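Visitor: Here is the input, now give the coordinates:
(chains A and B)
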Amino acid sequence: METLVFGLLNGVSYGLLLFMLSSGLTLIFSMMGVLNFAHASFYMLGAYFAFTLSGISSFWIALFIAPVLVGLVGAVVERYGLRKVHANGHVAELLFTFGLAYLIEEVVKIVYGKTAVDYKIPDLLNFAAFQVYGASFPAYRLFIIVIAVGMLIGLWYLLKRTRAGLIIQAALTHPHMVGHLGHNVPLIFMMVFGIGCALAGLAGVMAGNIFVTDPAMAVQMGPIVFVVVVVGGIGSLEGAFVASLVIGLLQNLAVGINASFADIFGFIGLSELSEVGRISISSLAPVLPFLLLVLILIFRPQGLMGEKEL
Amino acid sequence: MTDTTVQDLAPSSAQKFRQRTLPFLILAAILVAIPMTGPSRTFYTIAHQMGINVVFALSYNMILGKGGLLSFGHAVYFGLGGYLAVHAMGWIEEEAGLWGAFPVFFLPIVGFAGGALAGAIIGWPSTRKAGTTFAMISLGVAELIFAAAFMFDSFFGGEQGISGDRMNGTQMFGLSLGPIDDVYWFIAFWMFVGILGMWAFTRTPLGRLSEATRDNAQRVQFIGYNPQKVRYLVFIFAGGFAGLAGGMAAVNYEIFTPDALSLVPSGFVLIMAYVGGIAYFVGPIMGAILLTYMQSMLSDFTEAWLLYLGMLFIVIVMFAPRGLAGIVFGFLDGFRSDDRGAFLKSWFTTLAGGFLMLIGLIILVEVSVRWSNGYGEVYEPFGMHLSHTNPLTWILFLVATVAGIALTYFANRDKEGAA
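Guide: Numbering: from 1, shown residues only, chains lettered A, B, ... in the order given. Model prediction:
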């Protein structure tokens, strides 16, 4: 029971963090048709910028400034990089972001060093929020949930209830028509890319101090964010939300299960001594998202909530 | 319409010889000539690596360049083929069953079988769609297999991997495969076979259909072929040739670790093929040779070599999407054109501009790396003392970069004016 409750709580906070990352990626993908391979690199930049800023000012200022800075970097990348490559097709764009991910990682290594930096949870939030079954749940994770839900509401309001959101939505599906109506579509693209990167940066600010802020964090997070976007359905924010929570819960709950395959499938004669029998559910946790990805792509290529097939 | 004279468009036998046979004769001549120059051990080590990577990059280009399928997990087939070959090397040593009579020299065939088998199993669900779906499935599969590699120790050997000994079994062509120049003949032979095989593949109806499917899958369907089946078959062959390269690596290194099938080599083969130029058959060969050389030489000179690699890749994607081969053939075409003077002027101005920018970049990166490390080490090219506190460093960097950008800008402005 205890593991279940903690699995659920951690799963939700991790899932919401994943959503912060994947919402930006989904927006970018549905608008430009580019799977931004460097998205997790912007997440890493967010964590590093927040580390620098909280060193010279405070965490609270970093919380606001760092995502803006990351968004600006993203906008510059779109304006001077992606837009140029766009003429050569989607594969070239995908490859451009693939190269960019390499580049950002190496630059971060030069600027901040190869080892992890000491990016800490602010003192104000470094306490136990509540006790369940004798174990405490850290307030910072609760804070993540609050910020993520706030961001979710803000994004929903921006897209569905404002004029700017209306134009963005129109540009997602009919860029030429929006252009003919006199809107500056390339500017909208640049802004969406910037906002998407800023959201990734925000996730980095929030996650860098509960995980580790090191040059490998982008590589670790990157593939999982893709899984979320594809499983949720391309271009569907709702789908990305559901998929983030599903994957967050799946991974966190699986970690808590100690049973091995032999325990579960023992009735069909799977022995504890065989190699397959020895695999435990908890060791499967990192693999589960990819298993889900492959299964979804084979059996439901449009994703959980996507409308068009990939 | 009976008296219409049909112009024969087929190449003459002289053209055929020049375009098809001659390059292979030259390649064979070079491969035979290399050991006569008495190369060093280091040279052999790098050359072997190049041979393996040439076959690997070409096999990748079978699906990316010719098939239009972007894969992020091609090292899976290289790795699985290689693992099977290492295991086979073990069986040869134990003389298990008929394996005792199997020559180590032919292990790449085992690798080919392993890679093709893996391609046949994994390709069946993943090649039903092209484009982004395929790219994402390949990424997911690569992560899955890499993670599974640490669960099944009996096949993958865990962190240490599986090692073998190539000096067992029947000897072929009098090669014991012990000394490094024996291994050279092994690598040279299989590289030649690999290149010839993959080139021959592009001439088969299946190879032609693969290009047609890349360009327009719907039309392929109209003329009565199934694009999914074409992709699937091509994928199996690409997996097989990747496995062949894996088999070569198995004999060369006598060890395979799960890292060989991780995302890192998958990314590297993508970069090799793309930097070389995926539109040309020789592109991946050039890319593999250049990047393998950079990987072994540059990583000794600078710790930021991955940064240079990333830069090179981005520059190629942005400014030369046809890759190195495209640059070389573009130069040859321009050189043969009527407007040779203007072309050469613009080409060399761009080259000089690029060179200056490269100098600026190198100064910036090398000084930054040493500054970041904080060991007090100083970048000293040509006896100059470029520390980060030295104003000369930054002046040089600025002058080189600005001059480079200006030159490139003017060269391209001229080009636009001419067009």
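
Visitor: any idea how far B:Leu58 is from A:Trp156?
Guide: Relative to A:Trp156, B:Leu58 is positioned 49 Å away (C-beta to C-beta, to the nearest Å). Bear in mind the C-beta positions are built from the backbone N, C-alpha and C, glycine included.

Visitor: Show me which residues of the stretch 151-300 of chain B are close to chain A?
Guide: Counting by C-beta under 8 Å from any C-beta of the partner chain, the stretch 151-300 of chain B comes close to chain A at B:Met151, B:Phe152, B:Asp153, B:Ser154, B:Leu263, B:Gly267, B:Leu270, B:Ile271, B:Tyr274.

Visitor: Which single one of these is nearest to A:His176?
Guide: B:Tyr274 (30.1 Å; C-beta to C-beta).

Visitor: any idea of the pLDDT on residue 264?
Guide: No chain was given, so I picked chain A. Looking at A:Ile264, its pLDDT is 66.

Visitor: Chain B, not that one
Guide: Per-residue pLDDT puts B:Val264 at 86.

Visitor: swap in B:His385?
Guide: Per-residue pLDDT puts B:His385 at 69.

Visitor: got it, and the one 10 residues further on?
Guide: On pLDDT, B:Ile395 comes in at 79.

Visitor: what helix or strand does it sit in?
Guide: Per DSSP states H and E, B:Ile395 falls inside helix B:391-418.

Visitor: Now do the same contact list for residue 118.
Guide: Since you didn't name a chain, this refers to chain A. By C-beta atoms under 8 Å, 6 or more residues apart in numbering or on different chains, the contact set of A:Asp118 is A:Phe51.

Visitor: that's the wrong chain, I wanted chain B
Guide: Residues near B:Ala118 by C-beta under 8 Å, 6+ apart: B:Val76, B:Tyr77, B:Leu80, B:Gly81, B:Gly239, B:Gly243.

Visitor: Now do it against chain A, distance only.
Guide: B:Ala118 sits 15 Å away from chain A, going by C-beta to the nearest C-beta, to the nearest Å.

Visitor: Spatially nearest residue to that residue (excluding sequence neighbours)?
Guide: Excluding the flanking residues, the one nearest B:Ala118 by C-beta to C-beta, 6 or more residues apart in numbering or on different chains is B:Leu80, at 4.3 Å.

Visitor: what comes up buried for the helix or strand containing that neighbour?
Guide: B:Leu80 is located in helix B:75-94, with elements delineated by DSSP H and E. For helix B:75-94, burial by neighbour count (16 or more other C-beta atoms under 10 Å in any protein chain shown) applies to B:75-93.

Visitor: One more: stretch A:4-12?
Guide: Buried residues in stretch A:4-12 (16+ other C-beta under 10 Å): A:Phe6, A:Gly7, A:Leu9, A:Asn10, A:Gly11, A:Val12.

Visitor: Mind checking which of those residues land in strands?
Guide: Using DSSP state E, no member of the buried residues of stretch A:4-12 sits in strands.

Visitor: For my notes, please list the residues you listed in TSV and give distance to chain B for each entry.
Guide: TSV is the format used below for the buried residues of stretch A:4-12 (distance: C-beta to the nearest C-beta, whole Å):
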residue	distance to chain B
A:Phe6	24
A:Gly7	21
A:Leu9	26
A:Asn10	21
A:Gly11	20
A:Val12	24
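
Visitor: Near B:Ile405, how many residues? Count them for me, please.
Guide: Residues within reach of B:Ile405, counting by other C-beta atoms under 10 Å in any protein chain shown, total 14.
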